[in-house]
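Visitor: quick check, what structure comes out for this input:
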Amino acid sequence: MCISGLGYITIEASDLEQWRTFGCDVLGFMTTSTADSNTLSLKMDAYPYRLRIVKGSLDRFLLPGWEVYDKCQFHDLVSHLRDIGCSPKIGSTDEAQLRNVREYAHVVDPTGSAFEIYYGMQLDYAPLVSPVGVKEFVTGHNGDMGLGHIAISTPDLAKSLSFYTDDLQFGKTDYMHFQFSDDANDPGQGLHFLHCDNPRHHSIALFEDSKQPSGSLIHLMFEVPDIDQLGYMIDRVNQHGIKVVTPIGKHTNDEMVSVYVESPAGFAIEYGFGGVQVDWDHYRPTESAKPSLWGHNW
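Guide: Here you go, the predicted structure:
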């Protein structure tokens, strides 16, 4: 497994200041300097940034950046993706420098979902100085668990699962199947949870949905170390009039206690604490019958 974690997220925004307020005053991130005046970089740990928000005409999630361990594994993966017809495009030196990485490649998976892979992010180790007093985020030692997780849509769950497990070498963690009606003929929708080479329960969830473009972001998760940090964030959400998408609850499979709120781009942010960390050498993939033990009020 060569992908170590979810390194960064790129978002397009029509109003960078709206994201600066949401990211800093609600979520608790800090801004960092960037060479591009049309890019807002938000930091949460030893990495120089985790959210890369670029000025544009739309408000939308663009893509995730997946971290690969080193140059050799990066080029091996690029070669493999080229062999299976994904046509990865290695970015220019200038574009890599804007991302603070040695090299990166833009890839589109077999269902049309875009992402980037990279290696060599240079850590700045600058401490988080949150404007609202968030002590820290749970990202592992020097960020080695990645920034959190994403849940994205796919029109072809089987094809996406095969690509992420066979070609990107993600591991299976859990599976759920949902039916949103009482119709006996309703086929329902599946949801696969997959992990990278770190203890986080899952770094990506693939949700079967033919009504949304492939790779649409359903939610992005950030984790804090205790219930107080979650509670303070809920207070800030109320103070700023942010829409609560799903109220507080506790998930079954990753044991996360969390709340979901609406971001300026419309997708949900899951903000929680208590997520289980897994020893993959002693783990058996599971199938869960329900998403939450209590709360969440889907």
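
Visitor: may I have the secondary structure class of the residue nearest to residue 124 when sequence neighbours are not counted?
Guide: Distance criterion CB to CB, 6 or more residues apart in numbering; nearest residue to residue 124, sequence neighbours excluded, is residue 48 at 4.7 Å. All C-beta spots, glycine's among them, are computed from the backbone N, C-alpha and C. Classification of residue 48 by DSSP: H, G, I helix; E, B strand; the rest coil places it in coil.

Visitor: which ones are touching residue 48?
Guide: Residues near residue 48 by CB atoms under 8 Å, 6 or more residues apart in numbering: 32, 41, 100, 121, 122, 123, 124, 126.

Visitor: in the stretch 1-150 of the chain, which spans are helices?
Guide: For the stretch 1-150 of the chain, the helices defined by DSSP state H, counting those that start in this stretch occupy 16-20, 71-83, 93-98.

Visitor: where does the stretch 51-200 of the chain have low pLDDT?
Guide: 181, 184 (pLDDT under 70).

Visitor: look up how far residue 235 lies from residue 293.
Guide: 24 Å (CB to CB, to the nearest Å).

Visitor: picking that back up, mind checking how far the residue nearest to residue 124 is from residue 146?
Guide: 15 Å.

Visitor: kindly report the same for residue 68.
Guide: Residue 68 is 12 Å from residue 146, where distance means CB to CB.

Visitor: quick one, strands of the stretch 51-200 of the chain?
Guide: Applying DSSP state E, counting those that start in this stretch to the stretch 51-200 of the chain gives strands spanning 51-55, 60-68, 89-90, 103-108, 114-119, 149-154, 171-178, 189-195.

Visitor: what sits up against the fourth one?
Guide: Strand 103-108 has contacts (CB under 8 Å, 6+ apart) with 63, 65, 71, 74, 78, 81, 86-91, 95-96, 114-120.

Visitor: go ahead and build a PyMOL selection from the buried members of the residues you listed.
Guide: Typed into PyMOL, the line below selects the buried ones among the contacts of strand 103-108, using 16 or more other CB atoms under 10 Å:
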select buried, resi 63+65+74+78+81+86+88+91+96+115+116+117+118+119+120
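
Visitor: what's next to stretch 245-259, contact-wise?
Guide: The contact list for stretch 245-259, computed with CB under 8 Å, 6+ apart, reads 173-174, 176, 193, 201-202, 221, 223, 227, 230, 233-234, 237, 244, 260-262, 268, 270-276, 286, 288, 290-298.

Visitor: could you list which of those belong to helices?
Guide: Applying DSSP state H to the contacts of stretch 245-259, the entries found in helices are 227, 230, 233, 234, 237.

Visitor: what about the last one, how many neighbours?
Guide: By that I understand residue 237. For residue 237, the number of neighbouring residues by other CB atoms under 10 Å comes to 20.
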